[in-house]
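> model this:
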Amino acid sequence: MNIPPKLTGLSPDQNLVFLSYGAESEFRRAIFSILSFYAWAAASELKRTRILVYTDQPHFFQTYLDQPEIEYVLMTPAVMEEMLGGTVFYHRRKIASIDMTFKKYPQDNVIFIDSDTFFTGDAATLLQGITKDQAFMHKREYTFEQGLGIFKSFNEGEFPQAFIDYISDRDLIIGGKPERFTRHDYGWNSGVLGLHSSFAEYMPDVFRLNDEFYENSRWFISEQIAFSLILQRRKVLKEADAFVMHYWGKRQKVMLDKLLTDFLSRYNLAGLKDKTLIKKTTARWKFKVEVDIIQEQAAIALSLGSWLYGLKKSAQVLLKDPFNFLLYKELITAASSKRK
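Below is the predicted model:
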């Protein structure tokens, strides 16, 4: 792969990595995530951190970001195809971008951040918390057995079931040693991955497990399961949820994409470097996302006739944002649709 030479004049010991390609909405998300990092990181942390953006459109980023410590890796069609490793699983490119970064900067830690994120708290908690024995993922989500129930609720239960069937009574090799996993092990969200430089030795295992899991289950979270299982057995795994917001839901992405388009069109380069502005924006948007997630859960429950759960979630959302009358309208509409 064609990887550009190292930048000079910097002394970073960690890489903040973004993978963003294919659509302007993806670019805007990543740009704001980077801006939020600059707002929430101290000067000493910024000096330690090199930002790498794997993208097919570096010029789009440079319209909003002029920081010299940002390094762009051009994702040509050939590079994007190579990242797939002969598969059709596009999340494999996340693993490949992390692996490329470890190979280019073998002495440095890697913090991979999904584009649909933004920092909401002190970045030092993440950057200083990565050690040889401790790693970060975004948050612990559910056991695979619980995941089976969740995915069954929207008619996709065959994927976690196939995964559970595959790992049951099977040795999985991690670092040359056999490990056993069951339906009671947890999956973690990989919207954030904070990895010490020594984790590079496990990257072949991540690739291999990801490919095995996807080939035998077609579960679209195979990549994050591979990281989850290895990190749970080899590191102390911490959550980054307290200081990084990850708005992975489709509905929340639609909401944030509208906000991002307006925000980035409103300010020039100087305005986008205003830390106070960015911090206030992350706080406001964090609140919006949290409210919208609960509102969505309430509306779905009410529309399905799950009255107890729906009313519980409705109460939560109305307590958080009691003067947003659009919330009332959606909840009433959802409840009325079930009565019909």
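> can you give me the first-to-last residue distance of stretch 210-227?
Stretch 210-227 has an end-to-end distance of 8 Å (C-alpha to C-alpha, to the nearest Å).
> check which residues of it are buried.
210-214, 217, 219, 221-227 (16 or more other C-beta atoms under 10 Å). All C-beta atoms are positioned from the backbone trio N, CA, C, and that covers glycine.
> equivalent analysis for stretch 37-54, please.
37-41, 45-46, 48-54.
> keep only those of those residues that are in helices.
Per DSSP state H, helices hold the following members of these: Phe37, Tyr38, Ala39, Trp40, Glu45, Leu46, Arg48.
> who's the closest residue to the fourth one other than its chain neighbours bridged to?
This means Trp40. Leaving aside its chain neighbours, Trp40 sits nearest to Phe119 (4.2 Å; criterion: C-beta to C-beta, 6 or more residues apart in numbering). Per DSSP bridges, the residues bridged to Phe119 are Val244.
> now do the contacts for Phe119.
Ser33, Ser36, Phe37, Ala39, Trp40, Ala41, Phe243, Val244, Met245, Thr282 (C-beta atoms under 8 Å, 6 or more residues apart in numbering).
> ok but Leu237 is inside a strand, no?
Yes: assessed by DSSP: H, G, I helix; E, B strand; the rest coil, Leu237 belongs to a strand.
> in the helix or strand where Glu82 lies, which residues are buried?
Counting by DSSP states H and E, the element that carries Glu82 is helix 77-83. Residues Val79, Met80, Met83 are the ones in helix 77-83 that count as buried (16+ other C-beta under 10 Å).
> and the pLDDT at the first one?
Val79 is assigned a pLDDT of 97 by the prediction.
> thinking again about what came up before, same list (the ones in helices among the buried residues of stretch 37-54) but as a markdown table, adding pLDDT and distance to Tyr21.
Formatted as a markdown table, these follow (pLDDT from 0 to 100; distance: C-beta to C-beta, whole Å):
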| residue | pLDDT | distance to Tyr21 |
| --- | --- | --- |
| Phe37 | 98 | 19 |
| Tyr38 | 97 | 22 |
| Ala39 | 97 | 24 |
| Trp40 | 97 | 25 |
| Glu45 | 93 | 27 |
| Leu46 | 94 | 25 |
| Arg48 | 93 | 27 |
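> relative to Leu259, which of these is nearest.
Ala39 (16.1 Å; C-beta to C-beta).
> how close does that closest one sit to Phe119?
Using C-beta to C-beta, to the nearest Å, Ala39 is found at 7 Å from Phe119.
> list the residues that contact both of these two?
With C-beta under 8 Å, 6+ apart, Ala39 and Phe119 have common neighbours Thr282.
> where do the strands sit along the stretch 51-200 of the chain?
With strands called from DSSP state E, counting those that start in this stretch, the stretch 51-200 of the chain shows them at 70-74, 109-113, 117-119, 134-143, 172-174, 177-179, 186-195.
> which one of those strands lies closest to Ala334?
strand 134-143 (24.6 Å).
> please point out which parts of the lengthiest helix in the chain sit buried.
In the chain, ranked by residue count with DSSP H as the criterion, the top helix is helix 275-303. Buried residues in helix 275-303, counted by 16+ other C-beta under 10 Å: 278-279, 281-282, 285-286, 288-303.
> stretch 101-112 too?
Quick answer for stretch 101-112 (16+ other C-beta under 10 Å): Thr101, Phe102, Lys104, Tyr105, Asp108, Asn109, Val110, Ile111, Phe112.
> ok so, going back, which strands or helices does the helix holding Glu82 pack on?
In terms of contacts (3 or more C-beta pairs under 8 Å, 6 or more residues apart in numbering; DSSP states H and E), helix 77-83 is packed against helix 92-104.
> so the helix it packs on versus strand 186-195, what angle?
In terms of direction (axes from the mean of the first three to the mean of the last three C-alpha atoms, to 10 degrees), helix 92-104 departs from strand 186-195 by 30 degrees.
> avg pLDDT for helix 92-104?
On average, helix 92-104 scores 98.
> can you tell me the element the residue nearest to Tyr202 when sequence neighbours are not counted falls in?
Closest residue to Tyr202 apart from its sequence neighbours, by C-beta to C-beta, 6+ apart: Ile230 at 5.5 Å. Here Ile230, judged by DSSP H and E, is contained in helix 222-234.
> output the contacting helices and strands for that helix.
helix 92-104, strand 134-143, strand 172-174, strand 186-195, helix 203-217.
> how does it look with 6 Å?
If contacts are counted by 3 or more C-beta pairs under 6 Å, 6 or more residues apart in numbering; DSSP states H and E, helix 222-234 sits against strand 186-195, helix 203-217.
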